[in-house]
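In: 3D model of this:
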Amino acid sequence: MKTPASSTFIKLTRFLVILFSIVFPSALVQAEEIPPPFAAAPAEYVVHGLKATAFSDNTVLVVEGKIRNTGNRAIRGLLVIYLKNESSDIIGTIERELETSSALTPGKESDFEVTADISGISGIKNISVELKENI
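Out: Below is the predicted model of the structure:
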């Protein structure tokens, strides 16, 4: 035998189920993407003493510099050298592993020298260097 309280409870439960089935899907659509918990903050570093010299009729480029870890965790990865034209458009890239015996620890600095064949690239007027981190 149904009591008035159990009838009210059933009606309330049905109402809540219908309400949540309507509200919950729309909340999913509006949800922001949350990065996974293991995502690390970007590496913090400074590149300085940058020097680029072209040799052999501009077919070989040597890029020298120093990279200092200014963050609070060790970093390692690829040095990406962007070759840019007069308008600062990227016209080529060079990637080389940052050569250190281990990860670059906070506050430490490492010299780098990259030699690359640039015979297929003309119009280089500027370069920039970035660290593409391997985590």
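
In: model confidence over stretch 84-103, on average?
Out: The average pLDDT within stretch 84-103 is 90.

In: can you give me the end-to-end span of it?
Out: 29 Å (CA to CA, to the nearest Å).

In: other residues contacting it?
Out: Applying CB atoms under 8 Å, 6 or more residues apart in numbering, the contact partners of stretch 84-103 are 61, 63, 67, 74-83, 104, 110, 112, 114, 116, 118, 121, 123-128, 131-132. (Each C-beta comes from the backbone N, C-alpha and C, glycine too.)

In: quick one: least confident helix or strand in the chain?
Out: In the chain, no helix or strand scores lower on mean pLDDT, DSSP states H and E than helix 4-30, which sits at a mean of 62.

In: just say helix, strand or coil for Ala52.
Out: Under DSSP: H, G, I helix; E, B strand; the rest coil, Ala52 falls in the strand class.

In: test my guess that it contacts Ile127.
Out: Yes - when contacts are counted by CB atoms under 8 Å, Ala52 is listed as touching Ile127 (5.2 Å).

In: intersection of neighbour lists for the two?
Out: With CB under 8 Å, 6+ apart, Ala52 and Ile127 have common neighbours Val63.

In: who's more crowded, the two?
Out: Counted by other CB atoms under 10 Å, Ala52 and Ile127 do not tie: Ile127 has more neighbours, with 19 against 16.

In: for my notes, confirm that one occurs in a strand.
Out: Yes - assessed by three-state DSSP, Ile127 belongs to a strand.

In: pretty sure it contacts Thr53?
Out: No - checked against CB under 8 Å, the pair Ile127 and Thr53 is beyond contact range at 10.9 Å.

In: which stretch of helix or strand covers Tyr82?
Out: strand 77-84 (DSSP states H and E).

In: now which of the contacts of stretch 84-103 would you call buried?
Out: Neighbour-count burial (16 or more other CB atoms under 10 Å) applied to the contacts of stretch 84-103 gives 61, 63, 67, 75-77, 79, 81-83, 104, 112, 114, 116, 118, 121, 124, 127, 131.
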